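Participant: how would this look folded up:
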Amino acid sequence: EIVVHEGEKVPVGTTIARIGGGILEPEPPRSDGEHTPPPPVTPDAGGGAPPSPPSAPSGGRRRVTPLARRVAAGLGVDLDSVRGTGPSGAVVRADVEAAAAGRGPAPGRSGSAGADRRSERQATMRDAIASLMARSKREVPHYYLERAIDLTPALEHLDVLNAERPAARRLLPAAMLLRATALAAHDAPALNGHWVDGVLRSSDRVHLGVAVALRGGGVVAPAIHDADRLGLDDLMAALRDLTARVRGGRLRGGELTDATITVTQLGDRGADLVHGVVFLPQVALVGFGRVAERPWALDGMVGARRTVTATLAADHRASDGHAGSLLLEVLAERLAVPEGLL
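Facilitator: Sure, this is the predicted structure:
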């Protein structure tokens, strides 16, 4: 059901469409063993109806989404020749478009308008990110620090907590990293705030920006408000909620503008460390790389410990290396005593 039609303007969060269940289910077979063909597609502006998509081979159970069928009809693609990459080998829209890419759309069609709009949005976002980052590197005298942190105590404590919880309530290591960062930022006023009109405006509240990659490309860093006042469970819930709303396009305006310090994590992408760029008008960004077993000296003995490299990118107008080093020190101390993070 199309609730909001193309070209209409509605507030963020408005339901724009509803999709029924069973999208990937095979269509009921006819008495002759073949699938029931889809309904005919509306004729295009030129008055000619596009060809109907071919039905599945006799007796077949091949899955094709309705959207893929409509796109195939518009592009004149023979579905029998398309390899499906969706769940259980289903043919999805991207498969049809990939099959058609080598020869272009069918006569009378201008291609996928939806794909064009997505491409335009991605290009706009890339331009916005490039502009912001270029301005930050141009205006902000960055300095960078890094510190290796032994995460073994924190992760062992997390394993104990999660063993007693259902899957839906288990905590991720990211929650501990965010919690420790929020507490460290609370104790570092020179790194928690905004640089405005040549002056640092420190904040006594920690609105923790969390960098989230978008599926279509690009990144946003909305804030978890008062992150230093949230317990570990509440912070985990806030992180899940924020990520879901980012992916669903349901962020509130203040979440994108009032972060006082940002955290970026690229460990799940395999990066050992990240040297970030400060998000203006903030004055600091904390980065975390991949958690991995590495050699670590402890009590005169060398063994394997699970460690992470934390980095700090900061604005030298607002702080110096001494203040930055203290933040990383407090961050490491907090993670060494995970009971205090609850």
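
Participant: separation between the residue nearest the centre of the chain and residue 269?
Facilitator: Nearest to the geometric centre of the chain sits residue 213, at 3.2 Å (Cα atoms, centre = their mean). The gap separating residue 213 from residue 269 is 8 Å, by Cβ to Cβ, to the nearest Å. All C-beta atoms are positioned from the backbone trio N, CA, C, and that covers glycine.

Participant: who touches residue 186 in this structure?
Facilitator: The neighbourhood of residue 186, defined by Cβ atoms under 8 Å, 6 or more residues apart in numbering, consists of 192, 206, 228.

Participant: please repeat the previous calculation with a cut-off of 10 Å.
Facilitator: Residues in contact with residue 186 (Cβ atoms under 10 Å, 6 or more residues apart in numbering) are 192, 203, 204, 205, 206, 227, 228, 229, 261, 330.

Participant: one more: residue 134?
Facilitator: With Cβ under 10 Å, 6+ apart, residue 134 has these contacts: residue 277.

Participant: can you confirm it is in a helix?
Facilitator: Yes. Assessed by DSSP: H, G, I helix; E, B strand; the rest coil, residue 134 belongs to a helix.

Participant: can you give me the strands for the stretch 101-250 of the chain?
Facilitator: 142-150, 193-196, 199-202, 208-210, 212-213, 219-220, 223-224 (DSSP state E, counting those that start in this stretch).

Participant: out of the ones you listed, which one sits most buried?
Facilitator: Stretch with highest mean neighbour count among the strands of the stretch 101-250 of the chain: strand 208-210 (a mean of 26; mean count of other Cβ atoms under 10 Å).

Participant: so how far is that one off the chain centroid?
Facilitator: 13 Å (Cα atoms, centre = their mean, to the nearest Å).

Participant: doesn't residue 84 fall inside a helix?
Facilitator: No. Under three-state DSSP, residue 84 falls outside any helix and is assigned coil.

Participant: tally of neighbours for it?
Facilitator: 19 (other Cβ atoms under 10 Å).

Participant: residue 63 is in contact with that one, correct?
Facilitator: Yes. With contact defined as Cβ atoms under 10 Å, residue 84 reaches residue 63; the gap is 6.9 Å.

Participant: circling back: the residue nearest to the centre of the chain pairs with what?
Facilitator: In this entry, residue 213 is beta-bridged to residue 219, by DSSP bridges.

Participant: tell me the contacts of it?
Facilitator: 219, 220, 246, 247, 264, 266, 268, 269.

Participant: take these and lay them out in JSON lines including distance to residue 131.
Facilitator: Shown next, in JSON lines, are these (distance: Cβ to Cβ, whole Å):
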{"residue": "219", "distance to residue 131": "14"}
{"residue": "220", "distance to residue 131": "15"}
{"residue": "246", "distance to residue 131": "20"}
{"residue": "247", "distance to residue 131": "24"}
{"residue": "264", "distance to residue 131": "19"}
{"residue": "266", "distance to residue 131": "22"}
{"residue": "268", "distance to residue 131": "27"}
{"residue": "269", "distance to residue 131": "24"}
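
Participant: filter those residues to the buried ones?
Facilitator: With neighbours counted by 16 or more other Cβ atoms under 10 Å, the contacts of residue 213 contain buried members at 220, 246, 264, 266.

Participant: those in helices, which ones?
Facilitator: residue 246 (DSSP state H).

Participant: ok, so of the buried ones among the contacts of residue 213, who is nearest residue 322?
Facilitator: residue 264 (23.3 Å; Cβ to Cβ).

Participant: can you give me the neighbour number for the residue nearest to the closest one when sequence neighbours are not counted?
Facilitator: Spatially, and ignoring its direct neighbours in sequence, residue 264 is nearest to residue 211 (3.9 Å; Cβ to Cβ, 6 or more residues apart in numbering). For residue 211, the count of nearby residues is 19 (other Cβ under 10 Å).

Participant: which two among the buried ones among the contacts of residue 213 are spaced furthest apart?
Facilitator: Maximum distance among those (Cβ to Cβ): 16.5 Å, for 246 and 266.

Participant: hey, C-alpha coordinates of stretch 216-232 in CSV?
Facilitator: Only the C-alpha atoms of stretch 216-232 are listed here, as CSV (Å, rounded to 0.1, in the frame of the first residue of the first chain):
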residue,chain,number,x,y,z
GLY,A,216,23.7,3.0,0.9
GLY,A,217,27.1,4.7,1.7
GLY,A,218,28.1,7.6,3.8
VAL,A,219,28.1,8.0,7.6
VAL,A,220,26.3,10.0,10.2
ALA,A,221,27.1,10.6,13.9
PRO,A,222,24.0,11.2,16.0
ALA,A,223,24.2,11.7,19.7
ILE,A,224,23.2,9.5,22.7
HIS,A,225,22.3,12.2,25.1
ASP,A,226,23.7,12.2,28.7
ALA,A,227,25.6,9.0,27.9
ASP,A,228,27.7,9.4,31.0
ARG,A,229,24.6,9.1,33.2
LEU,A,230,23.4,5.9,31.5
GLY,A,231,24.1,2.5,33.0
LEU,A,232,25.5,-0.2,30.7
